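K.L.:
Any chance you could fold what I've pasted below:
(one chain, ligands or ions: 1)
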Amino acid sequence: MDVKDLLKEIQKNRDIPKNETILINRAFDFAQKAHQNQKRKSNEPYFVHCFETALKVAEWRLDAETVAAALLHDTVEDAGINLEEIKKEFGEEIAFLVEGVTKLGRLKYRTSEEKQAENLRKMFLAISRDIRVILIKLADRLHNMKTLKFLPPQKQKRIALETSEIYAPLAYRLGMANLAGELEDLAFPYLRPDEYKWLIENVKEKYEEREKYLERVKIVAEKVFKENNIELISIDARSKHYSSLYKKLFRSDMNLEQVYDLVALRIIVKNIEECYATLGIIHQLWPPLPGRIKDYIALPKPNGYRSLHTTVFCLDNKPTEFQIRTLEMHEEAENGIAAYWAYSQAKDTKNYQEGKTIFAEKKELAWIKQLKNWQKEVSGSEEFLNSLKIDFLKNRIFVITPKGEVVDLPAGATPIDFAYQIHSEIGDQCIGAKVNGRITSLDHELQSGDLVEILIQKSKKPSESWLKFIKTDQARRKIKAGLRKLPERKQKLQTEFLITAADRVGLLKDISAIISRSHVNMVRVNIPQTSHFPIIKIRCALNDKEKIEKLILKLKKIKGVKEINYKLVVV
Ligand code: MN
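P.N.:
Numbers count the residues shown, from 1 in each chain. This next block holds a predicted model:
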């Protein structure tokens, strides 16, 4: 861990101005000090993780602010540093990036439920107004996956599942296919241990055998390209990721012979013309397999991937895949939106310094487009897609329950809206709220990524004053319903029975027995002492006409009862 390695990584692609060197040095020292007494589960110093995250971000050629934010990304959540302090030390922009990563880190993906996955994706959109937040998060996740073996098994499973269902598809959607494959491969042994074992046992030799074979092909190809004046930038064998091999095998009855791109030859040339020229030369040399020529240059994949692919009957008549592309296409294929970011930054340097916001907006549009496609791929629902307009996103916030679940609310929503969204009882009994660990007022405006906890008291009832600040219809409806239920606001009707009967010993006992057997409460009994045929007045907590009439029928059967009348009284 040396800050020089970080600077060297950046210098591979550009000169670093002095102020950026100073910034990265300061972030390095600050984060190292903040984490100084902490260790990872691997027993390494905690700061190793921050350093590796920053190194990855630098490798993707992101700017100095992102590298600094990557170094600092866990200082707020894990080292107890106040965000205000980050703001003071490093400015708004870096604090914003750190805050975004901190908020994303609070999400926990517990179930494989469709809705939860969808909410998580929406949450990513809402929080990560700046693509750099996601890129830091992806670098953070990559290092966490590399050190996953040190965690307890249950955590391993959850994190691996989250990686495979959220982070890898996200990376793929952002065009970072290589990262997506790496994340999938790291999650694979935890999610499918048996399949992984099978694959290692059966494929390892195959891979090695294929790699040796491709070395032979490479020598032949290089010679021919030279004769045809094709200038190669590089030609290399690349092995298929285990996880994508498994997916492919699963579709083809686990038949390894059917997988031609187990190891493919990747050729990088100067420009598009040479891509097609190279393809022509390969086809002259070896006959192509029908249906396996793919022109992703003319027709890029939805994630923007460009390349020419072909499978030919190569040396020894073995089917072999070639991938041909330019350096720019290669960079984009490897690093996707990160590469795009780096390119546009280089091109827009002037704009960037003069008016950062214009630049950021342009970026944001491109990347929201990417993520919209991601949603489309996953959910497939047109209706949902329509609701995913940027406007929609700007009007929604996503907050997190203490259990790590995501709750979707309109912008401006308060803890009361949140409480009713969880459960009407939680809403009714709400007496206070904690947002990100701090007690707040009930009309506090929630922000995306806030961790919200509701304090309740069992006998508490909703308050009319809440109606003034809540934002959701659901809360409004439930508060009103709760208010109607309040006893002191409700006009009560009771029934007064007037029973005329010949008095006898046990008459009252018989009457009250019938009433209580009908599960009706007697509120008041009034018996005049003077008459042989008294009119007994019995007030009951009852106002249902049907029940009243049923009760009258029963009472009439009592010995001595002559007549029964009743009236409803307001109390
Ligand atoms: Mn981290």
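
K.L.:
Give the helix, strand or coil label for Ile564.
P.N.:
Following DSSP: H, G, I helix; E, B strand; the rest coil, Ile564 is assigned to strand.

K.L.:
which residues does it contact?
P.N.:
Ile564 makes contact with 497-500, 552, 555-556, according to Cβ atoms under 8 Å, 6 or more residues apart in numbering. To be clear about C-beta, it is placed using only N, CA and C from the backbone, and glycine gets the same treatment.

K.L.:
Quick check: next helix or strand after the longest helix belonging to the chain?
P.N.:
Longest helix of the chain, by residue count under DSSP state H: helix 193-227. Remark: after helix 193-227, the chain's next helix or strand is strand 232-239, criterion DSSP states H and E.

K.L.:
isn't Gln421 right up against Glu405?
P.N.:
No. With contacts counted by Cβ atoms under 8 Å, Gln421 stays clear of Glu405, the gap being 10.7 Å.

K.L.:
Break the protein into its domains for me.
P.N.:
3-191, 194-337, 405-485, 488-570 (automatic domain parsing).

K.L.:
ok, and does the longest one reach over to the ion?
P.N.:
Going back to what we said before, that points to domain 3-191. Yes. Applying Cβ under 5 Å from the ion, one finds domain 3-191 in contact with the ion at 74, 140.

K.L.:
now the closest residue to Ile548 other than its chain neighbours, which residues is it bridged with?
P.N.:
Nearest residue to Ile548, sequence neighbours excluded (Cβ to Cβ, 6 or more residues apart in numbering): Thr495, at 5.6 Å. Taking DSSP bridges as the rule, Thr495 bridges to Cys540, Leu568.

K.L.:
Quick one: residues contacting Thr495.
P.N.:
By Cβ under 8 Å, 6+ apart, the contact set of Thr495 is 539-540, 542-543, 548, 566-569.

K.L.:
where does this structure have low pLDDT?
P.N.:
Where the chain drops to pLDDT under 70, the residues are 107-129, 173, 302-303, 336-396, 486-491, 529-532.

K.L.:
quick one on the thing from earlier: so how do I select the buried members of the contacts of Thr495 in ChimeraX?
P.N.:
This is how ChimeraX selects the buried members of these, with burial counted by 16 or more other Cβ atoms under 10 Å:
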select :539,540,542,548,566
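
K.L.:
got a markdown table for the contacts of Thr495, with distance to the ion too?
P.N.:
A markdown table is the format used below for the contacts of Thr495 (distance: Cβ to the ion, whole Å):
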| residue | distance to the ion |
| --- | --- |
| Arg539 | 69 |
| Cys540 | 67 |
| Leu542 | 64 |
| Asn543 | 63 |
| Ile548 | 68 |
| Tyr566 | 73 |
| Lys567 | 73 |
| Leu568 | 68 |
| Val569 | 69 |
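
K.L.:
List buried residues within the contacts of Ile564.
P.N.:
497, 499, 552, 555.

K.L.:
Mind putting those residues into a markdown table with secondary structure and distance to Leu289?
P.N.:
Listed next are those as a markdown table, based on DSSP: H, G, I helix; E, B strand; the rest coil; distance: Cβ to Cβ, whole Å:
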| residue | secondary structure | distance to Leu289 |
| --- | --- | --- |
| Phe497 | strand | 94 |
| Ile499 | strand | 98 |
| Ile552 | helix | 91 |
| Leu555 | helix | 93 |
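
K.L.:
how about those residues, which pair is most distant?
P.N.:
Based on Cβ to Cβ, the longest span within the buried ones among the contacts of Ile564 runs between Ile499 and Ile552 and measures 9.3 Å.

K.L.:
Which positions within the host helix or strand of Glu77 qualify as buried?
P.N.:
Using DSSP H and E, Glu77 sits within helix 75-78. Within helix 75-78, the residues scored as buried using 16+ other Cβ under 10 Å are 75-76, 78.

K.L.:
rewinding a little: so which of the buried ones among the contacts of Ile564 is the closest to Leu245?
P.N.:
Looking across the buried ones among the contacts of Ile564 and measuring by Cβ to Cβ, the closest to Leu245 is Ile552, at 80.8 Å.

K.L.:
which residues touch that closest one?
P.N.:
Here Ile552 is in contact with 497, 564, 566 (Cβ under 8 Å, 6+ apart).

K.L.:
So it versus the ion, what's the distance?
P.N.:
Distance, Ile552 to the ion, by Cβ to the ion, to the nearest Å: 74 Å.

K.L.:
swap in Asp2?
P.N.:
According to Cβ to the ion, Asp2 stands 20 Å off from the ion.

K.L.:
For burial, what's the neighbour tally of the spatially closest residue to Asp140 that is not a sequence neighbour?
P.N.:
Closest residue to Asp140 apart from its sequence neighbours, by Cβ to Cβ, 6+ apart: Thr53 at 4.9 Å. Thr53 has 27 neighbouring residues, counting by other Cβ atoms under 10 Å.

K.L.:
in the stretch 351-500 of the chain, which spans are helices?
P.N.:
356-379, 382-387, 390-394, 415-422, 424-428, 473-485 (DSSP state H, counting those that start in this stretch).

K.L.:
so who does the residue in the stretch 101-250 of the chain positioned nearest to the ion touch?
P.N.:
The nearest approach of the stretch 101-250 of the chain to the ion comes at Asp140, 4.2 Å away (Cβ to the ion). Counting by Cβ under 8 Å, 6+ apart, Asp140 makes contact with 49, 53, 70, 73-74, 101, 105.

K.L.:
Mind doing that once more with 10 Å?
P.N.:
Contact partners of Asp140, counting by Cβ atoms under 10 Å, 6 or more residues apart in numbering, are 49-50, 52-54, 56-57, 70, 73-74, 101, 104-105, 167.

K.L.:
what do you get for Gly506?
P.N.:
Contacts of Gly506 by Cβ under 10 Å, 6+ apart are 513, 558-560.

K.L.:
And these, which is closest to Thr472?
P.N.:
Nearest member of these to Thr472, counting by Cβ to Cβ, is Ala513, at 50.1 Å.

K.L.:
pretty sure that closest one is touching Ile558, no?
P.N.:
Yes. Look at Ala513 against Ile558 with Cβ atoms under 10 Å: they come within range, at 9.2 Å.

K.L.:
who's Ile564 bridged to?
P.N.:
Ile499.

K.L.:
Against the ion, how distant is it?
P.N.:
78 Å.

K.L.:
Confirm Ile558 sits in a helix?
P.N.:
No. Judged by three-state DSSP, Ile558 forms no part of a helix; its state is coil.

K.L.:
Tell me how many other residues crowd it.
P.N.:
By other Cβ under 10 Å, neighbour count at Ile558 equals 16.

K.L.:
Make sure it is actually in contact with Phe497.
P.N.:
No. Between Ile558 and Phe497 there is no contact under Cβ under 10 Å: 12.0 Å.

K.L.:
which residues are in contact with both of those two?
P.N.:
511, 564.

K.L.:
Now do the strands in the protein.
P.N.:
Here the chain has its strands, by DSSP state E, at 232-239, 263-269, 294-295, 308-313, 319-326, 396-400, 406-410, 430-435, 438-440, 452-456, 493-501, 522-526, 535-540, 561-570.
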